[in-house]
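Novice: What would the 3D arrangement of this be:
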Amino acid sequence: MPRPTRLLRWQIITLVLMVVGYSGIYLCRSNLSVTLTSIEAELVAQGYTGDQARIWMGRIISLGVAAYTLGKFFTGSVADFLGGRRNMLFGMLGSVLLTVLFAFGGAAPWFTIAWFGNRLVQSFCWTGMVKITGRWFSYSAYGTAMGIVSLSYLFGDAAARQFMSWLLEAGLGWRQVFWSVAGVLAAISVANLVWLKETPRKIGEPEPTANPLNVYGRAADDEQRPPSLRALLVPLLTSPEFVVVCLLSLGLTLLRETFNTWSPTYFKEVVGSSESEAARQSALFPLLGGAAVLVAGWLGDRLGRGGRAGVILGGCALTSVVLWLLGTASFTSGSLVPVWLVGLAGFLMLGPYSYLAGAISLDLGGKRGAATACGIIDGVGYLGGILAGESVARLSIAYGWSGAFQALAGVAVLTSLAGAVFFWIQRRKVAG
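Specialist: Numbers count the residues shown, from 1 in each chain. Presented below is the predicted three-dimensional model:
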């Protein structure tokens, strides 16, 4: 068997560092979801009613998503001009600091400020990784490479939730959980600081080629940085294909953020799970989603752009069916059917979702603007994700979880329509 080339060995090292690094970010993101009911209980002890505490936490979550959204719109361009490695390290180290500061707080305003800052600095990381991936991998492997990188927010999220469930079972309070995950992320940050490289040129190897059909053309392939901000933005913003991908991101991010945030609370209130059980059960959504991302990434590289569009359309349509079942079926306390339906939604939804700020961003942006494409696509998506906080909290209070899931099923149907338009555009391009 031939030995792997030096470039291949470093590609593997780069993927491992990015996957572990962004998994560490989820330790300092999913920690709020996992400990949400404990923090709500602390607010109730301070004099808030249960509903007031729920709405306050929903507001904190929404403001955090708003900070993450804001960051997405400029961190991609920062990565395209200054490099993805700087983005990655700044986001990781900033998240460590702000997670510790959150845990030192004792009131809702302090929690709000710390969480807003935490999500803002975290927005630097994903765009940085997309930039690095575009430098290290050929366009023929974008789907597979980004599928592996996407494991960081799926399997990594699942592992983070499992780790925190162990901490809770060991008797740690929510503050001790926050301090523990900050310590783990700090250690991971040091490893990335030492070994993560911006480009194969740092080890004396050439960079692989970008997709020749990107909006900038072949001339942008060997650029170290874009010539101007205008040259970076205009080709993307005037592309109909790019606009439709942004609409897909809007719907799918709202759905994903809703499950990421509220599934532990849903399992506690509907299934009757304990806090640690709900944390463990909520890991099924990203776990099955991770399997779907690997399959979708592999298929995307082999079926081409038309194939990715078909996966997106089918996944969105089937997700709407699952959400309607969650909103209309009756479940007895202790039933695990809702847990498996949430997991199935993750399997159907997260494969298509992973394309948008991953392989499709690289296809559209090439080496010049992949991070910018990713940032805008993700930023538009998180405009929808903002609604996953306070809006879903109010829906669950006013109409119960059944009404909330019926509303989300409607979002999935509208997203499917955008998927149909994208499929039509891709079929025309393939035919042309």
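
Novice: burial of Asn364, as a residue count?
Specialist: For the record, residue 364 is Leu, not Asn. The number of residues packed around Leu364, counting by other Cβ atoms under 10 Å, is 24. (C-beta placed from N, C-alpha, C; glycine too.)

Novice: Verify the contact between it and Leu236 for me.
Specialist: Yes. Leu364 sits in contact with Leu236 when judged by Cβ atoms under 8 Å, with a separation of 6.8 Å.

Novice: Mutual contacts of the two, please.
Specialist: Taking Cβ atoms under 8 Å, 6 or more residues apart in numbering as the contact rule, Leu364 and Leu236 both touch Val215, Phe242, Ala373.

Novice: Redo those residues as JSON lines? Include pLDDT, secondary structure and neighbour count.
Specialist: Shown next, in JSON lines, are these (pLDDT from 0 to 100; DSSP: H, G, I helix; E, B strand; the rest coil; neighbours: other Cβ atoms under 10 Å):
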{"residue": "Val215", "pLDDT": "81", "secondary structure": "coil", "neighbour count": "21"}
{"residue": "Phe242", "pLDDT": "93", "secondary structure": "helix", "neighbour count": "19"}
{"residue": "Ala373", "pLDDT": "93", "secondary structure": "helix", "neighbour count": "34"}
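
Novice: Out of the residues you listed, which is nearest to Gly24?
Specialist: The closest of the shared contacts of Leu364 and Leu236 to Gly24 turns out to be Ala373 (Cβ to Cβ; 25.0 Å).

Novice: ok, now which ones touch the closest residue in space to the closest one that isn't next to it in sequence?
Specialist: Spatial nearest neighbour of Ala373, excluding adjacent residues (Cβ to Cβ, 6 or more residues apart in numbering): Gly365 at 3.6 Å. Each residue near Gly365 by Cβ under 8 Å, 6+ apart is listed here: Gly134, Asn214, Val215, Tyr216, Leu236, Ala371, Thr372, Ala373, Cys374.

Novice: Okay, now the unreliable bits of the protein?
Specialist: Applying pLDDT under 70 to the chain flags the ranges 1-4, 218-224, 304-306, 429-432.

Novice: Spatially central, which residue of it would that be?
Specialist: Of all residues in the chain, the one closest to the mean position by Cα atoms, centre = their mean is Tyr153, 5.7 Å from it.

Novice: give me every residue that touches that one.
Specialist: So Tyr153 contacts Tyr22, Ser23, Tyr26, Trp126, Pro286 (Cβ under 8 Å, 6+ apart).

Novice: List the buried residues of whichever strand or helix holds it.
Specialist: In this assignment (DSSP states H and E), Tyr153 forms part of helix 142-169. Buried residues in helix 142-169, defined by neighbour count with 16 or more other Cβ atoms under 10 Å: 142-161, 163-165, 167-168.
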